[in-house]
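Participant: task: produce atomic coordinates for the following.
(one chain, ligands or ions: 1)
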Amino acid sequence: MRTIIVGTRQSALALTQTGQAVELLKQLASEHGIECQFEIKKIVTKGDRILDVTLSKVGGKGLFVKEIEQALTDGEIDIAVHSMKDMPFELPEGLIVGAIPKREDPRDALITRGAGSLDELPQGALVGTSSLRRASQLQHHRPDLRIESIRGNIDSRLRKLEEENFDAIMLAAAGLHRIGWQDRISSYLPPELCLPAVGQGALCIECRGNDAFVLDLLGKFQHEPTALAVRAERAFLGRLNGGCQVPLGAYASVENGSGDEAPLLTLTGMVGTPDGVTMLKETASGNDPEALGSLVADMLIAQGAEKILAEVRE
Ligand SMILES: NCc1[nH]cc(CCC(=O)O)c1CC(=O)O
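Facilitator: Just a heads-up that it's a prediction; the model follows:
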């Protein structure tokens, strides 16, 4: 019987979402009469080892993914469960996205001490986030807020909210939901106010492109509307070269076509300056996810998005 080794980081979120994905894979395997068993293998990544340095300074999000991908390539593991939003635009040679399962809540959440919603935060309140995307949109809506960088896993960021005198922090709702900490959420930020990161709330199940057994199983785990939405968002990201940490967000919704109609995608993308003074945002609809992602990116490029991104990358 095939043993599928599943690689994961050691954070609470990574362990939880990997465990949940494995449970669903076991169910799917048994429903389809696919004989296999699973083993979970923990891997410490560079991103986990240098939690005290601002992510954009040490090479961006790819840090959490690279060493897991090396383990996949080397055959030490067979599949990896990643947060889609941590995935760099390009995958290493030989590796592919085997499945994009159904998306969790894509929104950002506000966790406060006292206040409920963003508008209830006191004048000049201190908000912890190291995401330029979140900072840009927060400052756009509330220029009075003071933003300070905060790093670490979800658990340590929640601890820092208390210990380091932040009035609020922002986290992805999906991560908090997955680890069962939805009670900590004070309010949800609607996409109109804070567009999520590309792929936020979705998972990416990565595997070797030549592993037919695993690909067959993962095919049954794919959620087609989520996959279409993520493809549109990632096409937007790719067109803007958004690989490293930049103030860019996108969210695609999918209206399921009835009968033989193709699903209709609606994609909104944003690029803003970190201070929130300039905020470019455009929405378009279409059936082809890649074409739609490029189209919305081009609409923003026509308004100067590339200049904003170039200044941030400097
Ligand atoms: N950047 C870290 C990261 N990567 C994925 C999630 C959880 C949510 C998701 O699956 O999108 C988080 C934490 C956060 O942003 O709050």
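Participant: mind saving the C-alpha coords of the worst-scoring helix or strand of the chain on mean pLDDT as CSV?
Facilitator: Lowest mean confidence among the helices and strands of the chain (mean pLDDT, DSSP states H and E): helix 46-49, at a mean of 71. The C-alpha coordinates for helix 46-49 follow below in CSV (Å, rounded to 0.1, in the frame of the first residue of the first chain):
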residue,chain,number,x,y,z
LYS,A,46,14.2,29.5,7.1
GLY,A,47,11.2,31.8,7.6
ASP,A,48,10.5,30.0,10.9
ARG,A,49,14.1,30.4,12.0
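Participant: how far does that helix sit from its chain's centre?
Facilitator: On the basis of Cα atoms, centre = their mean, to the nearest Å, helix 46-49 is displaced by 18 Å from the centre of the chain it belongs to.
Participant: cool, and stretch 226-234?
Facilitator: On Cα atoms, centre = their mean, the centre of stretch 226-234 falls 12 Å from the chain's centre.
Participant: one more: stretch 75-92?
Facilitator: Using Cα atoms, centre = their mean, the offset of stretch 75-92 from its chain centre is 12 Å.
Participant: likewise stretch 293-306?
Facilitator: With Cα atoms, centre = their mean, you get 21 Å for stretch 293-306.
Participant: in that stretch, what's buried?
Facilitator: Neighbour-count burial for stretch 293-306, counted by 16 or more other Cβ atoms under 10 Å, picks out 293, 294, 295, 296, 297, 299, 300, 301, 305. (Each C-beta comes from the backbone N, C-alpha and C, glycine too.)
Participant: inside helices: which ones of these?
Facilitator: 293, 294, 295, 296, 297, 299, 300, 301, 305 (DSSP state H).
Participant: for the third one, give its distance to the ligand.
Facilitator: What it means is residue 295. Remark: distance between residue 295 and the ligand (Cβ to the nearest ligand atom, to the nearest Å) = 24 Å.
Participant: what of residue 125?
Facilitator: 19 Å.
Participant: neighbours around that residue, how many?
Facilitator: By the criterion of other Cβ atoms under 10 Å, residue 125 has 20 neighbours.
Participant: look up how far the ligand lies from the residue nearest the centre of the chain.
Facilitator: Residue closest to the average C-alpha location in the chain (Cα atoms, centre = their mean): residue 85, at 2.3 Å. For residue 85, the distance to the ligand equals 5 Å [Cβ to the nearest ligand atom].
Participant: just to be sure, that residue is in a helix?
Facilitator: Yes: judged by DSSP: H, G, I helix; E, B strand; the rest coil, residue 85 forms part of a helix.
Participant: thought residue 175 was touching it, still the case?
Facilitator: No: Residue 85 lies out of contact with residue 175 (Cβ atoms under 8 Å); the separation is 9.9 Å.
Participant: for the stretch 101-250 of the chain, which residues are neighbours of the ligand?
Facilitator: Selection of the stretch 101-250 of the chain residues close to the ligand by Cβ under 6 Å from any ligand atom yields 154, 171, 172, 174, 175, 200, 201.
Participant: closest one of those to residue 7?
Facilitator: residue 175 (18.7 Å; Cβ to Cβ).
Participant: check which helix or strand the nearest residue to the closest one once chain neighbours are set aside maps to.
Facilitator: Leaving aside its chain neighbours, residue 175 sits nearest to residue 13 (4.9 Å; criterion: Cβ to Cβ, 6 or more residues apart in numbering). Assigned by DSSP states H and E, residue 13 falls within helix 12-31.
Participant: dump that helix to CSV, restricted to CA.
Facilitator: Output of helix 12-31 as CSV, limited to C-alpha atoms (Å, rounded to 0.1, in the frame of the first residue of the first chain):
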residue,chain,number,x,y,z
ALA,A,12,0.0,25.9,14.9
LEU,A,13,-1.8,26.9,11.7
ALA,A,14,0.4,24.8,9.4
LEU,A,15,0.0,21.7,11.6
THR,A,16,-3.8,22.2,11.9
GLN,A,17,-4.5,22.8,8.2
THR,A,18,-2.3,19.9,7.2
GLY,A,19,-4.1,17.6,9.6
GLN,A,20,-7.5,18.8,8.3
ALA,A,21,-6.4,18.3,4.7
VAL,A,22,-5.1,14.8,5.5
GLU,A,23,-8.4,13.9,7.1
LEU,A,24,-10.3,15.0,3.9
LEU,A,25,-7.8,13.2,1.7
LYS,A,26,-8.4,10.0,3.7
GLN,A,27,-12.1,10.3,3.3
LEU,A,28,-11.8,10.9,-0.5
ALA,A,29,-9.4,7.9,-0.8
SER,A,30,-11.8,5.6,0.9
GLU,A,31,-14.8,6.9,-1.1
